[in-house]
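Colleague: sequence and predicted model, in that order:
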Amino acid sequence: MYQIAINSTEGGTSLNIVNKTTGEYLAIGGFEGMQRYMGRKKIKLAKLRVICICSKYEIVPAISAVLTTAMHEGKIHTRYVCAEDTEKLIQEVGMGIGNLEFFDKYDNSSKDRFADLQMEELHNVAYVTVALPNKKASFSVEKASEKGIVGKADIAMLNKTGKIVKDGIEYLVDQFRNKAVCYPKIAVITILSDKYAVDVKRIQALMADSSGVEIFIRAAPELFSSTKEEHKLLAEVEREIKKKIASEITDWEKVNINLYIMMRSETEAEPVKKFYDKVCPVYTPLIRPLIYTPKNTKYLRNSKVVIDQTLIEYAGGDEVQIHNAWKRDKDSKEVEDKQNIVQADCQTEIESTCSVFLGTAAAVPGVIRNVSSVLVASMQGSILLDCGEDTGTQLNKISAHYRYNYAAISMIVLTHRHADHIMGMFSVLRRCNVSGNTAVLVLGNKCIVSALKEFGISGIFVQNSADLEVNIHRKESIEYIVMTNQKESVVIRISQNIYRYCKSINPLNYRSHNGVKRSVLSVFASNEASFVKFINLPVKIDPSLACAPSESSIYKVSMCSALHIHESYSVLVKETAGSAEYTVAYSGDTKPNEKFSDLSQHADLMIHEGTFEENELVQARMTQHSTISQAMAVFQSSRAQTLFITHISQRYKTVTIPDGAYLAMDYLVHIPGTNYKQTALYQALKEWAEDKE
């Protein structure tokens, strides 16, 4: 028997067709953070047979989810289906992280195929059609026993000859069969642009040779910047399909047709809720992450809407059972208002630099830890240190009204090319671009350049190197960026419209962070430099270009080589506000490194990876990571002021941190001069880890 399960977060929607007998399933669509979602909801990735990638922003979650299981077991579990243009982009993204040998295409002619699956993209609409194998009418031993037919010989004769005489009465085998189950065709229509056209021939083809059709309408991830636009369009598509069916398709009344709209929504997993309910009341620096609540639902009030955790079961014929379907009421608005009131109550306006941990897990996301990212924020703006998958969601979850101000991001520093450190950059940069912030600096490995171009993202890419130095100067609405390495140097001037409403930031309310709105007006460069690429961003060369006075400096970034994979780096960020300086040293992934200790001398904050505890020292060496005690030793030799340990292996629910250091947690805010004791945090973590429910 098959059932449909809807999965969803703020990032998008996915429809799973599940074989209830084997537990195997097919996924259509996806969203960033899908791997974390499945872990929280206890959905086994190893059972995912096929994934249909309907749009470009579904590539990241598909690759990361599939590769994790395949690389761990050394074999392909899941195959994919996509359109031709998407296939090209898969190769571009995959080249950036490697291991695409575990990511292969699905073949309908394969003997072990899951279902007959067709996909086509036309006029900015992706059509996925699934024809499930019908369940034959099986023989029921229970029904036969009611008539006294219980012996193996009698049952064998009945099945062989089709009839049997018992106590003078003739019985036919069909009298003892269970009801056959004929499954409807499943169609998922993904809208890829607001300039779309629904093809009536595709709808007509769905209805051919079928007594039932289930049509699900969804929007591609990152297509709309507001739910109002998205919900209006989805309702419009539904009306258009209904109109085309009624006016252009003959005999449509003979087919049982159901139309559903897939709405982005979120259901908090019980283990996550238990953790934050336990920890947040006793440890103030930890923000209670918001739950995404869809807005502007009035446009869908006349539609059949499916949401996160909706289940649809087919028992045969026209019998359809729907569990947890969406019902529109005032609850969603009340929940959102309540969340924002709670957040407003704990606001503290400050002017110093703060660091917010967005992802503190090693390699793969876990129940309470996402993959690597740290936000360094102040009245000057924001810098992201690494940008693992679903960093955008993490930013929104700490923001009032569930909406981070992406105009505030000046720079994203990617320490190396591993997927758990870079896969969130596409959606974050896209959101920056939508906010008018089209000239974000992206420091990273050159392998990501072609993928950024293909995604249509604008920004300034800078190739990392141990001798790279980046200085950012700002004077009113003009920003100067001076970048040098041993071979070359370049000055870039960015003219912007920038509007500011306040001079302070609030680490518990990033919605009004700086009150910044911006749009890039022009970009000039003093010369061409091989280590700098302007991605989808017009630039003019001006050899006379010189930098602003040194007193306007706001950021200085320098690096050293890390002891990890080839071309991996550790970073030092120095922020200047007037006469005050604040430095953050970030190790990235590395073994203990004397060069990083030297780079970090007297830093205000050191963030060092501590993937393993001391009893896993051999594993740390093999994987080129650090133990917690090794990170502590580097910190002590650097004479930095404060140490946070991050990049914790998912084998640990809780770890022991030595005195003089702090454990990083997702959504933890560090404000200089407010180092809270973590005794209550450790106790809450221990209790949560021991909870077997």
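Modeller: On my side now, so go ahead. Numbering: from 1, shown residues only.

Colleague: domain-wise, how is this structure divided?
Modeller: As assigned by automatic domain parsing, the chain contains the domains 2-135+180-327, 141-176, 352-685.

Colleague: okay, the ones you listed, which one's buried deepest?
Modeller: Most buried of the domains of the chain by mean neighbour count (mean count of other C-beta atoms under 10 Å) is domain 352-685; its value is a mean of 20. C-betas here are computed from N, CA, C, even on glycine.

Colleague: one step back: quick one: closest of the domains of the chain to residue 691.
Modeller: Nearest of the domains of the chain to residue 691, taken as C-beta to C-beta: domain 2-135+180-327 at 6.6 Å.

Colleague: now do the end-to-end distance for that closest one.
Modeller: Separation of the first and last residues of domain 2-135+180-327 by C-alpha to C-alpha, to the nearest Å is 24 Å.

Colleague: residue 93: which element?
Modeller: According to DSSP states H and E, residue 93 maps onto helix 84-97.

Colleague: which strands border the longest strand seen in the chain, and is each parallel or antiparallel?
Modeller: For the chain, the longest strand by residue count, based on DSSP state E, is strand 489-499. Strand 489-499 pairs in its sheet with strand 478-484 (antiparallel), strand 517-525 (antiparallel), by DSSP bridges.

Colleague: any idea which of those strands gets closest to residue 50?
Modeller: Nearest to residue 50, of all the strands paired with strand 489-499, is strand 517-525, at 41.6 Å by C-beta to C-beta.

Colleague: next SSE after that closest one?
Modeller: Per DSSP H and E, the first helix or strand lying C-terminal to strand 517-525 is strand 532-535.

Colleague: who does that next one touch, helix- and strand-wise?
Modeller: Using 3 or more C-beta pairs under 8 Å, 6 or more residues apart in numbering; DSSP states H and E, the elements in contact with strand 532-535 are helix 449-454, strand 459-463, strand 517-525.

Colleague: how does it look with 10 Å?
Modeller: Using 3 or more C-beta pairs under 10 Å, 6 or more residues apart in numbering; DSSP states H and E, the elements in contact with strand 532-535 are strand 441-444, helix 449-454, strand 459-463, strand 489-499, strand 517-525.

Colleague: and the ones you listed as JSON lines, adding distance to residue 107?
Modeller: What follows is the helices and strands packed on strand 532-535, written out as JSON lines (distance: least, C-beta to C-beta, whole Å):
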{"stretch": "strand 441-444", "distance to residue 107": "35"}
{"stretch": "helix 449-454", "distance to residue 107": "26"}
{"stretch": "strand 459-463", "distance to residue 107": "37"}
{"stretch": "strand 489-499", "distance to residue 107": "48"}
{"stretch": "strand 517-525", "distance to residue 107": "46"}
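
Colleague: reformat these as a markdown table; add mean pLDDT and distance to residue 264.
Modeller: Output for those, formatted as a markdown table (pLDDT from 0 to 100; distance: least, C-beta to C-beta, whole Å):
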| stretch | mean pLDDT | distance to residue 264 |
| --- | --- | --- |
| strand 441-444 | 98 | 27 |
| helix 449-454 | 94 | 25 |
| strand 459-463 | 98 | 26 |
| strand 489-499 | 86 | 30 |
| strand 517-525 | 84 | 25 |
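
Colleague: among those, which comes closest to residue 308?
Modeller: Residue 308 lies closest, by C-beta to C-beta, to one member of the helices and strands packed on strand 532-535: helix 449-454, at 29.0 Å.

Colleague: what's in contact with the closest one?
Modeller: Contacts to helix 449-454, defined as C-beta atoms under 10 Å, 6 or more residues apart in numbering, come from residues 56, 59-60, 85, 88-97, 422, 425-426, 429, 442, 444, 457-459, 461, 463, 533, 535-536.

Colleague: looking at the helices and strands packed on strand 532-535, which is closest to residue 193?
Modeller: Per C-beta to C-beta, nearest to residue 193 of the helices and strands packed on strand 532-535: helix 449-454, 16.2 Å.
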